[in-house]
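Colleague: here you go, sequence then predicted model.
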Amino acid sequence: MRPRTPIGTGATPPGDSRACWNAAIPTPPRTSRTTRSARKVTSVDVARHAGVSQSTVSLVLSGKATGRVSPATADAVRDAARELGYRPNAAARALRSGTTQAIGLVVSDVTHPFFGPTLRGAQRAAYAAGHVVVLIDDDYGAASGDSTVERLREGAVDGFVFFAADPPPSLRRPGAPPIVLVEAERPRMSSVRLDVEAGTDLLIDHLTELGHRRIGYVRSAVAGQTFARRHERWAQRLQALGEDPADQVVVSAHFDAEAAIAAGEALLDRLDRLTAVVCDDDFLASGVLAAAARRGVDVPRELSVCGFDDVAISRLVTPPLTTIRFDAGDLGAAAFELLLARLQGRRAPNRVLPCELRVRESTGPARG
């Protein structure tokens, strides 16, 4: 019997064609722990890379650099952290500081075009202060929105910004996380809103200068302080002109394309009673324009149409909308700054942001 050759010796019996069976199995090279797993970047590495102290890195990346670290140094620290791929341990930081460096932004309808630029403004301001923003869709008070807020209030975020959404009762009690209201006001709560009364004044002034007196209104079917202020100011201005608001054509619609068009058609059914219309926002005004196009009504020759907010759609529709412009990004940034003040134990004054008129082709002289 031929002797068996141990596998792996590399020896092959003479004349044995099965050399591959007995070929030596190469041993993989030994790898050091450093090679297998790259060392984690620490704040010390960031400090060395940026040429600053570790405490400076901590101030910048924890959002506490304002007034204590120069903007140039703060930028250098953030650049170094980005280049090195430094990621602070959020859980450890939260345990040390008692904060998460995160805030919740609750909006009433995430699909509405006004909220995108507002979120971006809040996010940029938050990032500059070392925070992140968590977006929550309230869906006009749906239970899912409140449920998400309740979960996050247990420690996932440091505070909340509510944009045209009502905070749940649990956040109105002592000991709850700080909150800031946008486009709403409540006693003892920080808030920032748009000067919609001044915006409505600009629209009515513009229309009356064009000879309009019979000015209808398209209201939001969604309740909200900002829409109530706009409608109330419209009524006050008409009364000052000697017109009875109750005699004007007023329709309402939800923020849905077909609903906005249907409201526009209802308005056009009474075209003989008005020469112009003010809408609660550009979305609803776009619905009026779509209805006018279907009916063959000439805007602005037969009807002048005004929007509100100056979102992107106001420049895309035909004709482009006369509207009131606000800086939605500034609104979001202002809301975050108010919340940051509360988180730092300060009470900043409430703010009302200005507006301006944007005259485009949807308004013209009143028809005879």
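Modeller: Cool, the structure landed.
Colleague: all contacts plus neighbour counts: C-alpha atoms, from now on.
Modeller: Fine.
Colleague: for the nearest residue in space to Asp109 that is not next to it in sequence, give me its contacts.
Modeller: Closest residue in space to Asp109, ignoring its immediate chain neighbours: Asp139 at 5.2 Å, by C-alpha to C-alpha, 6 or more residues apart in numbering. By C-alpha atoms under 8 Å, 6 or more residues apart in numbering, the contact list for Asp139 reads 107-110, 145.
Colleague: same check on Arg273?
Modeller: When contacts are counted by C-alpha under 8 Å, 6+ apart, Arg273 is found next to 214, 248-249.
Colleague: pull out the buried residues from stretch 53-67.
Modeller: For stretch 53-67, the neighbour count (16 or more other C-alpha atoms under 10 Å) marks 54, 56-63, 65 as buried.
Colleague: what is the neighbour count of Gly242?
Modeller: By the criterion of other C-alpha atoms under 10 Å, Gly242 has 9 neighbours.
Colleague: before we move on, what about Arg186?
Modeller: Counted with other C-alpha under 10 Å, Arg186 comes out at 9.
Colleague: got a pLDDT number for it?
Modeller: Arg186 is assigned 89 on the pLDDT scale.
Colleague: which of the buried residues of stretch 53-67 sits closest to Leu338?
Modeller: Among the buried residues of stretch 53-67, Gly63 lies closest to Leu338 (C-alpha to C-alpha), at 14.4 Å.
Colleague: which intervals of the stretch 251-368 of the chain have sub-threshold pLDDT?
Modeller: Within the stretch 251-368 of the chain, no stretch has pLDDT under 70.
Colleague: and the helices in it?
Modeller: Taking DSSP state H, counting those that start in this stretch, the helices of the stretch 251-368 of the chain run over residues 257-268, 282-295, 328-343.
Colleague: next, the angle from the first one to helix 282-295.
Modeller: Read that as helix 257-268. Interaxial angle, helix 257-268 versus helix 282-295 (axes from the mean of the first three to the mean of the last three C-alpha atoms, to 10 degrees): 60 degrees.
Colleague: now for helix 257-268, which elements pack on it?
Modeller: Applying 3 or more C-alpha pairs under 8 Å, 6 or more residues apart in numbering; DSSP states H and E, one finds that helix 257-268 contacts strand 250-253, helix 282-295.
Colleague: cool, and the longest one?
Modeller: In terms of contacts (3+ C-alpha pairs under 8 Å, 6+ apart), helix 328-343 is packed against helix 115-128, strand 159-163, strand 179-182, strand 190-194.
Colleague: and the two most separated of the buried residues of stretch 53-67?
Modeller: Gln54 and Gly63 (14.4 Å).
Colleague: picking that back up, could you export the helices and strands packed on helix 328-343 as TSV, including mean neighbour count, mean pLDDT and distance to Arg301?
Modeller: Formatted as TSV, the helices and strands packed on helix 328-343 follow (neighbours: other C-alpha atoms under 10 Å; pLDDT from 0 to 100; distance: least, C-alpha to C-alpha, whole Å):
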stretch	mean neighbour count	mean pLDDT	distance to Arg301
helix 115-128	20	92	32
strand 159-163	26	92	37
strand 179-182	26	94	37
strand 190-194	23	95	31
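Colleague: same list (the ones you listed) but as a markdown table, adding distance to Ser304.
Modeller: As requested, the helices and strands packed on helix 328-343 are exported to a markdown table (distance: least, C-alpha to C-alpha, whole Å):
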| stretch | distance to Ser304 |
| --- | --- |
| helix 115-128 | 27 |
| strand 159-163 | 30 |
| strand 179-182 | 30 |
| strand 190-194 | 24 |
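Colleague: which of the helices of the stretch 251-368 of the chain sits closest to Phe162?
Modeller: helix 328-343 (9.1 Å).
Colleague: buried residues in stretch 229-236, which are they?
Modeller: So stretch 229-236, judged by 16+ other C-alpha under 10 Å, has buried residues 230-231, 233-235.
Colleague: which one of those residues is nearest Leu210?
Modeller: Distances from Leu210 to the buried residues of stretch 229-236, taken by C-alpha to C-alpha, are shortest for Trp234, at 16.6 Å.
Colleague: quick one, what contacts that closest one?
Modeller: With the criterion set at C-alpha under 8 Å, 6+ apart, Trp234 makes contact with 200-201, 204.
Colleague: cutoff 10 Å now
Modeller: 197, 200-201, 203-204, 215-217, 228, 240, 245, 278 (C-alpha atoms under 10 Å, 6 or more residues apart in numbering).
Colleague: and it, that one's in a helix?
Modeller: Yes: assessed with DSSP: H, G, I helix; E, B strand; the rest coil, Trp234 lies in a helix.
Colleague: distance of it relative to Gly329?
Modeller: Distance of Trp234 to Gly329, computed by C-alpha to C-alpha, to the nearest Å: 26 Å.
Colleague: hang on, the earlier thing: columns distance to Glu361 on top of the contacts of Asp139, output as JSON lines?
Modeller: Shown next, in JSON lines, are the contacts of Asp139 (distance: C-alpha to C-alpha, whole Å):
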{"residue": "Val107", "distance to Glu361": "31"}
{"residue": "Ser108", "distance to Glu361": "31"}
{"residue": "Asp109", "distance to Glu361": "29"}
{"residue": "Val110", "distance to Glu361": "29"}
{"residue": "Gly145", "distance to Glu361": "39"}
